[in-house]
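K.L.:
Sequence first, then the predicted structure, then my questions.
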Amino acid sequence: MPESILQEDTILEKLNQQADIHSLLAVAIKLINDNVNKLILKVFRKEPHAIKFVIPSLVGKNGPLNDTSVCLKLLYALGIISREDYEDIELLIAILDELEQDDRQYTYLDDEILGPISLLHDMVLPPSWESQREKAKQSGIVDTLKSSMYQNRYQQMIRSALIIAITELTLRIINKEHINYFP
């Protein structure tokens with residue numbers, strides 16, 4: 001089985017194991033951070049002096065490239081990642097930061113979640129829940145049990161679309177690692 005399929009399966013498995021939006025985003029950001037860190041190391045020149053003296057001072061514990069946001073800016077400025085990928089990662093980090101500051105348990109249907117994730121470049125949202133609810137009412141489905149089932153189904157569709165968008169974003173970063181930036 002090709003390595004890219006294994007990587008995709010691993011990412012999908014890790015994301016699918018998460019029960020709520022907060023844990024999903026936390027795992028997504030960890031996966032992205034890990035791969036951004038690998039990519040930033042790949043971008044640097046691989047010569048003995050650089051490996052021994054320069055790179056550790058940049059990416060070490062107190063180095064300026066110890067912060068994912070700074071690494072993203074550098075990778076974007078160097079043209080290694082696209083503007084869309086840069087914006088998407090920053091948006092995911094911002095959403096996670098907001099969730100960590102709020103004690104409320106959000107669902108995928110909350111405006112505080114649905115609004116920001118709809119801005120992700122790879123996010124393909126199904127028709128809105130309101131239009132789904134109207135169709136259900138028009139077809140005579142008005143009891144609360146069926147309505148709840150449709151709402152849960154819609155929430156699963158949002159969750160799946162988000163997982164696919166995050167997986168695609170992470171795979172694009174991983175694929176950048178295979179490029180030889182310095183001969």
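P.N.:
Great, that's in hand.

K.L.:
Helix, strand, or coil at I80?
P.N.:
coil (DSSP: H, G, I helix; E, B strand; the rest coil).

K.L.:
surely it meets F44?
P.N.:
No. Contact between I80 and F44 fails when scored by Cβ atoms under 8 Å: they sit 11.6 Å apart. For every residue, glycine as well, the C-beta is placed using N, CA and C.

K.L.:
Point to the helix or strand of this protein where mean pLDDT is at its lowest.
P.N.:
Every helix and strand of the chain was ranked by mean pLDDT, DSSP states H and E. The lowest is helix 129-138, at a mean of 63.

K.L.:
Please state the offset of the helix or strand following that helix from the chain centre?
P.N.:
The helix or strand immediately downstream of helix 129-138 is helix 144-176, counting by DSSP states H and E. How far helix 144-176 lies from its chain's middle: 11 Å, per Cα atoms, centre = their mean, to the nearest Å.

K.L.:
So which bits of helix 144-176 are buried?
P.N.:
Residues of helix 144-176 classed as buried: 150-151, 154-155, 157-159, 161-163, 165-170, 172-174, 176 (neighbour count, 16 or more other Cβ atoms under 10 Å).

K.L.:
What's the separation between the nearest residue to L119 once chain neighbours are set aside and I80?
P.N.:
Leaving aside its chain neighbours, L119 sits nearest to L91 (6.1 Å; criterion: Cβ to Cβ, 6 or more residues apart in numbering). Relative to I80, L91 is positioned 19 Å away (Cβ to Cβ, to the nearest Å).

K.L.:
So for these two, which sits in the more crowded spot?
P.N.:
More neighbours surround I80 than the other of L91 and I80, with 18 against 15 (other Cβ atoms under 10 Å).

K.L.:
quick one: the more buried one from G115, how far?
P.N.:
Distance from I80 to G115, counting by Cβ to Cβ: 29 Å.

K.L.:
same check, this time on Q17
P.N.:
26 Å.

K.L.:
quick one: contacts for the closest residue to L109 other than its chain neighbours?
P.N.:
Spatial nearest neighbour of L109, chain neighbours left out: Q155 (5.4 Å); criterion: Cβ to Cβ, 6+ apart. Contact analysis of Q155 by Cβ atoms under 8 Å, 6 or more residues apart in numbering lists T107, Y108, L109.
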